[in-house]
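sequence? don't have it. structure:
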């Protein structure tokens, strides 16, 4: 186990050390002490290492992650795992705005709640939130899956493209062009797999699926009111 | 026969034939007019400025003999690896998707031959443009189409796009006609749908957040890459000051004549300020912060000639960027396609429906047959030639003003032909010592 104390180590040194790990490194386990809400912790990683942040993080923790598993034992500030490409990011606490924004791949697990705009513009990432999510989540979400065990706020999935949204609790309102859709067997399987991988004890049959009505895909004046 | 003199039919200035045609088009279609390019209306511009040249009080340099340096270094503030350019003219961001692959290739090749940089656009970085561009600026846009850390690291600089002159405060739209399989795959969206680009970044709001976003990008790229921030000509003083505060190495300032691949005509013509009106406030912001020449300023929007380049530099820019002019140099709107432009209901030089993907010149299209008309090698040669002319013209003027480096041009070398231009550029009205707004009235 490699241990880096952010109370005594500059951020640049921390990220350089983590980014320098090669694909076949034998230094696979890392812990980061005293994060104290610092920004841009463990960003740009590109190796199959496991990083545990002991505490809470500021903006953009695990941003653009590839391959690595990053676990935050506290809560995460805005933009956690933004633009993630692959790997896994797990937040034991809550996540602030824009969690998983524009993520292209990988799995983001938030064991608490996520604030507004969770999964905004997601492009293939899978996100599982054990608690609730805030308003405008999955805005312009392109692909991937957003799973919410709790409730969703206003305007879920506004201007949605092809991402799948699964919500167990209530949805305060759906955004433009987002509709409830039939939960077919293949969706149940996708959901079951995501719940398993996220350590979520929930029955897929309790969820509803939401997706795009695809009415905004090509402009038509009769839908102008939806813009 | 009635010989009473008839009143000659008179068009209304308010309800001109153009306005009436637009009213009819709107009534017919129910959608605003979408087009490419920048503002077409007449606004005060570099044409309204003149250089004074040398005289008894100024000593000129010998044309063609005495050196007039044109080199520019961008990104000297924080980046470990600033960009060195041979000329003060760069190629502005234009996307693969809006432009064909061969057109992007030509921009890369031509810019490289001229010793300058080119820039990606909304839609990500292609291997072709990376390969053909010795110096490539990678745009970081609200849509984040194709964004990934590997491309960030193989870029030479990163340009965070906050706005652009054609549509400050607006997003983008690539209409379905141009969404081929490759374009769709790069953007992770279905083929054939209209691809909207958001007007705001998805994961930061305001200058304090932007500062943290820049920190993240620098951490991912080992603090090597210059970070540019591109702003539209909205509030240039404050936007420039805030960009500096957020940690920019370079500010790219795009006035309303700057082009876009596609947006609403009403937006292009009615939002944002002319390029001429933006430069001095931006330079003043840099000067007030003690950052002029430390944070470099790149100006774009209506740069066409070496005189325009020289005037922008004289007003305080470190470099300029060209987009529309570069496309024209490649062959866009060439009269040799006049009959085909006519078939599209337009004329050469006026064609701006770039979003429809029917460009006869094969540049703003993804149609394979049209794309074949464009030769990227020939296009690169034409762009290289054009960039060389811009540079020579700029040098000619700089030498005439007694400058051994184009950056030594200064506002004192200029006068204005109109009161408006004098006020915007902060230089005297020709024949007077009057600078409107500064020296009485």
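That came in fine, so what should we check first? The shown structure was predicted, so the numbers you read here are calculated from the model rather than taken from an experiment.

which bits of chain B sit near chain A?
For chain B, the residues in contact with chain A (Cβ under 8 Å from any Cβ of the partner chain) are B:29-31, B:143-144, B:147-149, B:152, B:175-176, B:187-190, B:192-194, B:196, B:198, B:202-204, B:209, B:212-213, B:215-216, B:219-223. Backbone N, C-alpha and C define where each C-beta goes, glycine included.

are any of the residues you listed buried, and which?
Buried by 16 or more other Cβ atoms under 10 Å in any protein chain shown: B:143-144, B:147-149, B:152, B:175-176, B:187-190, B:192-194, B:196, B:198, B:202-204, B:209, B:212-213, B:215-216, B:219-221, B:223, out of the residues of chain B next to chain A.

so which elements touch the one helix or strand residue A:4 maps to?
In the assignment (DSSP states H and E), residue A:4 maps to strand A:2-5. Contact partners of strand A:2-5 among helices and strands, from 3 or more Cβ pairs under 8 Å, 6 or more residues apart in numbering or on different chains; DSSP states H and E: helix A:11-19, strand A:29-33.

any figure for the gap between the closest residue to chain A within the stretch 201-350 of chain B and residue A:83?
Here the stretch 201-350 of chain B gets closest to chain A at one residue, residue B:220, 3.4 Å apart by Cβ to the nearest Cβ. Distance, residue B:220 to residue A:83, by Cβ to Cβ, to the nearest Å: 10 Å.

then residue A:71?
Separation of residue A:71 from residue A:83 (Cβ to Cβ): 19 Å.

these two: which is more packed in?
Per other Cβ atoms under 10 Å in any protein chain shown, whichever of residue A:71 and residue A:83 has more neighbours is residue A:83, with 30 against 18.

what sits against the more buried one?
Residues counted as contacts of residue A:83 (Cβ atoms under 8 Å, 6 or more residues apart in numbering or on different chains) are A:63, A:64, A:101, A:102, A:103, A:104, B:144, B:147, B:148, B:149.

next: residue B:114.
Residue B:114 makes contacts with B:86, B:87, B:89, B:383, B:384, B:387, B:388, B:391, as judged by Cβ under 8 Å, 6+ apart.

tell me the buried residues within these.
Among the contacts of residue B:114, those classed as buried by 16+ other Cβ under 10 Å are B:87, B:89, B:383, B:384, B:387, B:388, B:391.

next SSE after the helix or strand the fifth one falls within?
Residue B:387 belongs to helix B:376-400 when assigned by DSSP H and E. The element immediately downstream of helix B:376-400 (helix or strand, assigned by DSSP H and E) is strand B:414-416.

quick one: residues in contact with that next one.
So strand B:414-416 is in contact with B:48-52, B:311, B:314-315, B:422, B:425, B:427-431, going by Cβ under 8 Å, 6+ apart.

got a winner among those residues for most neighbours?
residue B:311 (31 neighbours).

so that one, which of the three states?
Secondary structure state of residue B:311, per DSSP: H, G, I helix; E, B strand; the rest coil, is helix.

identify the residues contacting it.
Counting by Cβ under 8 Å, 6+ apart, residue B:311 touches B:46, B:49, B:51, B:414.

so the third one bridges to which residues?
Beta bridges link residue B:51 to residue B:414 when assigned by DSSP bridges.

model confidence at it, what's the number?
Per-residue confidence for residue B:51 comes out at a pLDDT of 98.

measure it to residue A:18 for me?
Separation of residue B:51 from residue A:18 (Cβ to Cβ): 54 Å.

against which helices or strands is the helix or strand containing residue B:208 packed?
In this assignment (DSSP H and E), residue B:208 forms part of helix B:206-220. On a contact count with 3+ Cβ pairs under 8 Å, 6+ apart, helix B:206-220 meets helix A:11-19, helix B:149-154, strand B:157-161, strand B:227-232, helix B:236-246.

compare these and give me the one nearest residue A:182.
Proximity to residue A:182 (Cβ to Cβ) singles out helix B:149-154 among the helices and strands packed on helix B:206-220, at 37.3 Å.

helix, strand or coil: sort out the residue most central in space within chain A for me.
By Cα atoms, centre = their mean, chain A has its centre lying nearest to residue A:100, at 3.5 Å. What three-state DSSP gives for residue A:100 is coil.

still on that earlier bit, if I pick the residue of the stretch 201-350 of chain B closest to chain A, what's in contact with it?
Residue B:220 sits next to A:15, A:19, A:43, A:44, A:63, A:64, B:149, B:152, B:153 when contact means Cβ under 8 Å, 6+ apart.

please name whichever of the helices and strands packed on helix B:206-220 is nearest to residue B:18.
Per Cβ to Cβ, nearest to residue B:18 of the helices and strands packed on helix B:206-220: strand B:227-232, 25.4 Å.

phi, psi of residue B:222?
Main-chain torsions, residue B:222, degrees, to the nearest 10: phi 60, psi 30.

rewinding a little: would you mind listing which of the contacts of residue B:220 are buried?
Buried members of the contacts of residue B:220, counted by 16+ other Cβ under 10 Å: A:15, A:19, A:43, A:44, A:63, A:64, B:149, B:152, B:153.

that concludes my questions; thank you for your assistance.
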